[in-house]
Structure formats: structure tokens, C-alpha cells
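Participant: Predicted structure and sequence below. I'll ask about it afterward.
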Amino acid sequence: MSTVTTADHHDEHHDHKPTGIKRWLFTTNHKDIGSLYLIFALAMFFLGGAMAMVIRLELFQPGLQFVDPQFFNQMTTMHGLIMVFGAVMPAFTGLANWMIPMMIGAPDMALPRMNNWSFWILPFAFLILIISMFLPGGGPDFGWTFYAPLSTTYSNDSTALFVFAVHIMGISSIMGAINVIVTIVNMRAPGMTWMKLPLFVWTWLITAFLLIMVMPVLAGVVTMVLTDKYFATSFFDAAGGGDPVLFQHIFWFFGHPEVYIMILPAFGIVSAIVPTFARKKLFGYASMVYATASIAILSFLVWAHHMFTTGMPVFATLFFMYTTMLIAVPTGVKVFNWVATMWRGAMTFEVPMMFALAFIVLFTIGGLSGVMLAITPADFQYHDTYFVVAHFHYVLVSGAVFSIVAAVYYWLPKWTGHMYDEKLGQLHFWCSLISVNLLFFPMHFVGLAGMPRRIPDYALQFADFNAFVSVGGFLFGLSQLIFLWVVIKCARGGVKAPAKPWDGAEGLEWEVPSPAPYHTFDTPPQVK
């Protein structure tokens, strides 16, 4: 017989709903955790951006002005690590936490406590990484790719903290990925078959498998760096029978799928936004799913295209050149399908659609320069120049970051119950679009002319272009303050969002109350 009193019941109920700081520390609610990820990612985005501003300030003019070369190297390293692991990946994870349960009609994520844990270890990882900069000798200064022997023989003692921080980030990513997979496989609403999943859910499912496959590889390589530096192993030391090129093989076997981890969820977001504002269902749903899966599989077969200059056998360079070109095919399918979706649609241009359109155009530019880099003999010229920097920033800034911003504008009415300020949003879009191109497009030219990346000084002939680039960089950074204000303003209140914020738009997975999720092919159930 139970002896629980009414008071106990009341306490239990009270403990179940903590408020204030406890609510955020102990929450297992997917929306709270999604918000935490997004807020954290925004903070890291501004921190990483501030480091980029230091880089651009130093490169505004030739000569050494503001920072010494070692600190410059720390900035390039920390900027890369923070943007990849601290801004882009947690932002996508936050979107996954918020939207996947709603899109598949699930009450929450499958493993809510692990969900809490996977978020709360992240701030500590980045705290450790940032603290390492204040050690004697400075922070990690070997580039975000931490090539041996720079990270083993020639690095300072912050390497241990760097390795520890990367391990914690990896653990967080693996837990998040397991959670996504278990949720999607086990918790879909009755009748939601695989080919009825919204594309955002599909892209995240495939991304989660990529994460589980490559994060242990990163863990392995950072551990080898650690033992080479502190425990006298010689994995990457030729003097002890190791091979520094082995480092690059292991790193890029993680690193190439990693860049697809940072772009596949973006494809899912754009595939949700474009049909909404074109008022048409997505063109070629099945081909989009297969294209996403092919990209993921091919991403494991192209890693050594980062290593054409290391002296591989000709057969290997040919293999990696052709597989890299092959990966452009499913990517092209996706771009074609987005354009076909818009073709003869009743299009309107609200802010999410503007960012999605900018994504399609600018991501394609990044993709085309990627095909240029895939050509082995040409890559001998491009390698380690600003051309490479231009290429991956087109993919990751006007690609991944623009898609995250588009998603925030698209789902803010859902998250907050208020509409954001459309005029301010449009101002943010135009400022971002103009400045991002002023920032990254001239880099193609200085790169083709031979300006090396990661160097704090440069020859006089690059001065004009670098001044343009730095101005673009500062304008882009300032533009994001508009975004910050739009988000804060929307969260605090404003015009109440209607039941269907993008009215007349089909394909909004969340516009119908549970438990009847539908996808873009079905006519939505009538809401009474």
C-alpha cells in the first residue's frame, strides 16, 4: 500500500518544474535545450567573429601593426576552432533539438537526460580552450587543423588543454547524434514512413550517422598528438619511425566528412524554406533524399584532396580528383531541385527566403571554386593560398551561417509567438549580403596571385585588395549586431504571430496541431 501523502505529491510536482537557473541547468525539455544550444552558438559566433576582426585588422595594411605573429597564429587557430565546433555545429544541433520532435510528431527527444548532458559539457570545453590562451607561452597557435609536427614538436604547453577541450566537444557531438538517430528511428508518429519525413529530419539523420563515424577518428588523432608531445611516442615523428603525413590522412578522414556535417542540415533548412515561399511542394523529394545520402557516402572517399601537395602516387591523386568531382553531382541535383521548386511558383520574398536564395547562389559559387581546387595540377597553385580561404568561407559563411540565420527568421514566430521586425530583418540581409561578398570575393584574386594564408604580413601588391577585404569584414561583423537586436526584440515581444505566420504557404511542418504531422505532399488536415 502506498504511503505517499498529498504534500509529497505536491513537492514532487513542484520539483518537476524548477524555475530560474535550475530550470536551465536541469532541463530535459527539447525546446529549452534547443534554445540553450542556439544562445551558446550565438555567443561563440560573436567571440569567433571578434577573433576574425583581429586577423582582418592586422591584414588591413602590409607590415606588422597590431599583434605579433605568434598571437596572430593563435587568432587564426582559435577563430577556426570556435566557429566550427562552437558556432556552426551547436547552432545546427539547437535547430535539431527544437524542430525534429515537432516535425515527426514526437513528445520530446528520445534521451532527454543525455540531451541535457551533451549541451552542458560544451561551455566547459570552450572555457578550457579559451583559458589556454592565458597560459605562459600562449594558446594553441598551430592552425585549426593542428598539423604535426607543429602541434607536437613545435607547440607550447597549451596543447594538453586544447586536446582535452576537443575530446569534450567530440563527446558532446556523439551524444547529440545518438539522440537524433534514436529519436527519428523510434519516435515518428504513426503513419510517418521514411519517405514522408521532412527533409530537415532526413538531412539531420544522415548528419548524425556522419558524426558517429568521424568523431572517434578525431578523438584518435588528438590522442596521438597528445602522446607524441608528452609521452615520447612517434606516430608523426619521422625520427622515431613515424610519418607526419599520416597525421594529415587521419585528420582529413575526419575533416572532410566534418565539412559535410556542417552543410547537410543547411540543405534541409533550405529545402523547408524554398517550398514555403514558392507556395509549391518541393520538386524531386526522393532525389533529394538519395542525393543527401550519396553526398554523405562520397564524403568518406575524398579526404586526400586536401593533400595533393604531399607527394601522393599519381594513381591516388587521380582517384581523389575524380571522387571529388563526383561529389559535385548530387550537390548539383539539390541546387537544380531548389530552382525547379521556385520555377513558376507564387514567390514572395520575406527574410527567410532572401537568406535561402542568397545561400543557393553563394553556396554554388563556393562549390564551383571547390571543383577548381579538385583539379590536382591546378591545386598545386591554389594550395595554402587565400583562394582556399575564399572557397571554404563561401561554403561555410554564406552557406552554413546564412542557412542558420534563415532558419532562425523562419522559425522565430514558432519559437517566440511573435513576428520579428521585417524591415530590420531586410536591413540585416542586405548589409550581410553586400559585406560578405566584399569580404570573401577579393580573396579569390589575391589567392590566385599567390598570397599565402595564415601569414600576418604580405607583399605590397596585395595591399589594396586586403584593405577592401578588411572593410568588408568589419561591415559584416557590424551587420550581425542588427541580427542580435532583431532576435532580442522578437523574444521580448511584439506583433503576435498568426497561426500560419507564412500564410498561404504549404509545407510548414509545424503549422498543424499534433497529432497529425504531414509532409509537403499531403494536403494539410483542416484546422477547425
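Facilitator: Happy to help now that I have it. Values in this document were obtained by computation on a predicted structure and should not be read as measured data.

Participant: Buried ones in stretch 128-140, by neighbour count?
Facilitator: If you call a residue buried by 16 or more other CB atoms under 10 Å, then stretch 128-140 has these buried ones: 128-130, 132-133, 138-140. From N, CA and C alone the C-beta is placed, and that goes for glycine too.

Participant: Out of these, which sit inside strands?
Facilitator: Members of the buried residues of stretch 128-140 lying in strands (criterion: DSSP state E): none.

Participant: Among the residues you listed, which pair sits farthest apart?
Facilitator: I128 and G138 (15.2 Å; CB to CB).

Participant: For A400, see how far away L362 is.
Facilitator: Plainly put, L362 is 11 Å away from A400 if you go by CB to CB, to the nearest Å.

Participant: Which residue of the two possesses the greater neighbour count?
Facilitator: A400 (27 against 22; other CB atoms under 10 Å).

Participant: S369 reaches V389, doesn't it?
Facilitator: No - using CB atoms under 8 Å, S369 makes no contact with V389, being 10.5 Å away.

Participant: Tell me the secondary structure of G80, please.
Facilitator: helix (DSSP: H, G, I helix; E, B strand; the rest coil).

Participant: That one: neighbour count?
Facilitator: Using other CB under 10 Å, G80 has 19 neighbouring residues.

Participant: To what extent is the spatially closest residue to it that is not a sequence neighbour buried, counted in neighbours?
Facilitator: Spatially, and ignoring its direct neighbours in sequence, G80 is nearest to W144 (2.8 Å; CB to CB, 6 or more residues apart in numbering). Other residues near W144 come to 17 when the count uses other CB under 10 Å.

Participant: Tell me the predicted confidence for W144.
Facilitator: W144 is assigned a predicted lDDT (pLDDT) of 96.

Participant: Name the SS class of it, please.
Facilitator: Looking at W144 with three-state DSSP, the answer is coil.

Participant: Distance of it relative to G255?
Facilitator: In this view, W144 and G255 are 10 Å apart by CB to CB.

Participant: tell me the secondary structure for F236?
Facilitator: Under three-state DSSP, F236 comes out as coil.

Participant: Over to G370?
Facilitator: helix.

Participant: show me the contacts for the closest residue to D243 other than its chain neighbours.
Facilitator: Computed as CB to CB, 6+ apart, the closest residue to D243 that is not its neighbour in sequence is F236, at 6.7 Å. By CB atoms under 8 Å, 6 or more residues apart in numbering, F236 lies in contact with 148-149, 152, 224-225, 228, 242-244, 246-247.

Participant: Just confirm Y458 is within a strand.
Facilitator: No - counting by three-state DSSP, Y458 is not found in a strand; it is coil.

Participant: Might you report the residue contacts of the residue nearest the centre of the chain?
Facilitator: Nearest to the mean C-alpha position of the chain, by CA atoms, centre = their mean, lies V88 at 3.0 Å. Contact analysis of V88 by CB under 8 Å, 6+ apart lists 41, 262, 396, 400-401, 404.

Participant: Going by neighbour count, which of those residues comes out on top?
Facilitator: Going by other CB under 10 Å, A400 tops the contacts of V88 with 27 neighbours.

Participant: Please report how far it lies from V446.
Facilitator: For A400, the distance to V446 equals 23 Å [CB to CB].

Participant: cool, and V487?
Facilitator: Separation of V487 from V446 (CB to CB): 34 Å.

Participant: Neighbour count for those two, which is higher?
Facilitator: Neighbour count, other CB under 10 Å: between V487 and V446, V446 has more, with 26 against 20.

Participant: where's that one, which helix or strand?
Facilitator: Applying DSSP states H and E as the criterion places V446 in helix 422-448.

Participant: Wait, W502 touches F277, no?
Facilitator: Yes - assessed by CB under 8 Å, W502 is found in contact with F277 at 6.8 Å.

Participant: Just give me the residues shared between the contact sets of those two.
Facilitator: Counting by CB under 8 Å, 6+ apart, the common neighbours of W502 and F277 are E350.

Participant: of those two, who's got more company?
Facilitator: Higher neighbour count among W502 and F277: F277, with 25 against 20, using other CB under 10 Å.

Participant: after the helix or strand hosting the more buried one, next one along is what?
Facilitator: Here F277, judged by DSSP H and E, is contained in helix 264-278. Using DSSP H and E, the helix or strand that follows helix 264-278 in sequence is helix 285-298.

Participant: Which secondary structure elements does the helix or strand that that next one is followed by sit against?
Facilitator: With elements assigned by DSSP H and E, the helix or strand that comes after helix 285-298 is helix 314-326. Counting contacts by 3 or more CB pairs under 8 Å, 6 or more residues apart in numbering; DSSP states H and E, helix 314-326 packs against helix 351-374, helix 376-382.

Participant: can you tell which of those helices is closest to A232?
Facilitator: Closest of these to A232 is helix 376-382, at 35.6 Å (criterion: CB to CB).

Participant: List the contacts of that closest one.
Facilitator: Under the criterion CB under 8 Å, 6+ apart, residues 305, 308-309, 317-318, 320-321, 372-373, 388, 447-448 lie in contact with helix 376-382.

Participant: Which one (most neighbours) among those residues?
Facilitator: G447 (25 neighbours).

Participant: And it, how close does it get to G170?
Facilitator: Shown here: G447 relative to G170, a distance of 31 Å by CB to CB.

Participant: which one is L301 nearest to, not counting chain neighbours?
Facilitator: The nearest residue in space to L301 (CB to CB, 6+ apart) is T323, at 4.5 Å.

Participant: Share the number of residues neighbouring that neighbour, please.
Facilitator: Per other CB under 10 Å, the neighbour tally for T323 reads 18.

Participant: confidence score at it?
Facilitator: Listed pLDDT for T323 reads 97.

Participant: any weak-confidence spans in this protein?
Facilitator: Counting by pLDDT under 70, the chain contains low-confidence ranges at 1-16, 504-528.

Participant: which residues touch M354?
Facilitator: Counted by CB under 8 Å, 6+ apart, M354 has contacts 426, 429.

Participant: can you check V163 too?
Facilitator: 222-223, 225-226.

Participant: what's the answer for L298, then?
Facilitator: Contacts of L298 (CB under 8 Å, 6+ apart): 323, 326-327, 330.

Participant: repeat that for 6 Å
Facilitator: Going by CB atoms under 6 Å, 6 or more residues apart in numbering, L298 touches I327.

Participant: before we move on, what about G139?
Facilitator: Applying CB under 6 Å, 6+ apart, the residues contacting G139 are 74, 132-133, 158.

Participant: Skipping its backbone neighbours, what lies nearest it in space?
Facilitator: Using CB to CB, 6+ apart, the closest residue to G139 is M133 (3.3 Å).

Participant: Nearest to W202 among the buried residues of stretch 128-140?
Facilitator: So of the buried residues of stretch 128-140, ranked by how close each gets to W202 (CB to CB), first place is L129, at 32.4 Å.

Participant: For the closest residue to the closest one other than its chain neighbours, which three-state class applies?
Facilitator: If the residues on either side of it in the chain are set aside, L129 comes closest to A165, at 4.1 Å by CB to CB, 6+ apart. Local secondary structure at A165 is given as helix here, using three-state DSSP.

Participant: Isn't A165 up against A125?
Facilitator: Yes - the pair formed by A165 and A125 meets the contact definition of CB atoms under 6 Å, at 4.7 Å.

Participant: Which residue of those two possesses the greater neighbour count?
Facilitator: Using other CB under 10 Å, the more surrounded residue of A165 and A125 is A165, with 25 against 20.

Participant: List the contacts of the more buried one.
Facilitator: 125, 128-129.

Participant: again, only this time at 7 Å
Facilitator: 125-126, 128-129 (CB atoms under 7 Å, 6 or more residues apart in numbering).

Participant: Let me have the residues you listed in JSON lines, adding distance to P377 as columns.
Facilitator: Listed next are the contacts of A165 as JSON lines, based on distance: CB to CB, whole Å:
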{"residue": "A125", "distance to P377": "41"}
{"residue": "F126", "distance to P377": "40"}
{"residue": "I128", "distance to P377": "42"}
{"residue": "L129", "distance to P377": "38"}
